[in-house]
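S.K.: predicted coordinates and the sequence they were generated for:
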Amino acid sequence: MTTERSLVLVKPDGFRRGLTGEVLSRIEAKGYTLVALDVLTPTREALAAHYAEHEGKPFYEPLVEFMSSGPVTAVVIEGHDSIKGFRSLAGATNPTEAAPGSIRGDLGRDWGLKVQENIVHGSDSPKSAAREIAIWFPHLGS
Ligand code: DAT
Ligand code: MG
């Protein structure tokens with residue numbers, strides 16, 4: 001068995017709606033381990049690093065604005081294939097299209113805003129996970 005780590009964020013909409021515990025509960029119920037957890041309001045600098053791949057896209061500024069609008073819970077989870085596994089738990093980016101049973105499908109909706117508020121972030125590859133964990137938890141070696 002190999003262990004793999006992923007960076008999960010419960011976004012400000014999830015925090016405001018009191019869904020942090022629900023998200024953590026689904027991660028634990030799936031069988032992944034919590035390695036690190038922090039509640040913080042992200043700086044624009046951290047978000048610019050985190051979302052560098054989206055710079056210049058129409059939703060980029062609204063995304064950074066939204067993500068810095070209040071507390072998030074940053075979590076490192078661990079388990080075999082946990083990157084893909086959490087993406088599956090999270091569901092599709094657009095909460096209207098996310099399958100029922102997924103976090104975004106069960107708990108999210110489209111609010112008609114410039115950016116989709118979809119409750120969670122999850123790393124999309126081992127390379128992204130290592131990069132993102134270094135941003136949110138600099139003391140954790142990957
Ligand atoms: P994901 O979070 O599913 O990995 P992503 O990395 O492509 O999706 O985009 C980051 C976030 O930006 C996403 O969670 C919600 C928002 N977003 C992405 N595409 C969007 C779009 N076309 N319109 C509005 N918001 C979008
Ligand atoms: Mg992404």
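M.R.: Yep, that arrived. Ligands and ions are numbered 1, 2, ... in the order given.
S.K.: before we move on, which element is the spatially most central residue of the chain in?
M.R.: Closest to where the C-alpha atoms of the chain average out (C-alpha atoms, centre = their mean) is His121, at 1.8 Å. Under the criterion of DSSP states H and E, His121 resides in strand 120-122.
S.K.: can that strand be said to contact ligand 1?
M.R.: Yes. Judged by C-beta under 6 Å from any ligand atom, strand 120-122 comes into contact with ligand 1 at His121. Every residue, glycine included, has its C-beta placed from N, CA and C.
S.K.: list the contacts for the residue nearest to the centre of the chain?
M.R.: 7-9, 11 (C-beta atoms under 8 Å, 6 or more residues apart in numbering).
S.K.: among the residues you listed, name the ones in strands.
M.R.: Under the assignment DSSP state E, these contribute 7-9 to strands.
S.K.: from those residues, which is closest to ligand 1?
M.R.: Leu9 (9.2 Å; C-beta to the nearest ligand atom).
S.K.: for Tyr51, which non-adjacent residue is spatially closest?
M.R.: Residue nearest to Tyr51 in three dimensions, not counting chain neighbours: Leu63, with 6.2 Å by C-beta to C-beta, 6 or more residues apart in numbering.
S.K.: host element of that neighbour?
M.R.: Using DSSP H and E, Leu63 falls in helix 60-67.
S.K.: output the contacting helices and strands for that helix.
M.R.: Applying 3 or more C-beta pairs under 8 Å, 6 or more residues apart in numbering; DSSP states H and E, one finds that helix 60-67 contacts helix 12-16, helix 44-50.
S.K.: alpha carbons only: can I get the next helix or strand after the first one in CSV?
M.R.: So that's helix 12-16. Once the chain leaves helix 12-16, the next helix or strand it forms, by DSSP H and E, is helix 20-30. C-alpha atoms of helix 20-30 as CSV (Å, rounded to 0.1, in the frame of the first residue of the first chain):
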residue,chain,number,x,y,z
THR,A,20,-17.3,22.0,7.6
GLY,A,21,-18.2,19.1,9.9
GLU,A,22,-20.3,17.4,7.2
VAL,A,23,-17.3,17.5,4.8
LEU,A,24,-14.8,16.2,7.4
SER,A,25,-17.3,13.5,8.3
ARG,A,26,-17.6,12.3,4.7
ILE,A,27,-13.8,12.2,4.4
GLU,A,28,-13.5,10.2,7.6
ALA,A,29,-16.4,7.9,6.7
LYS,A,30,-14.7,7.2,3.4
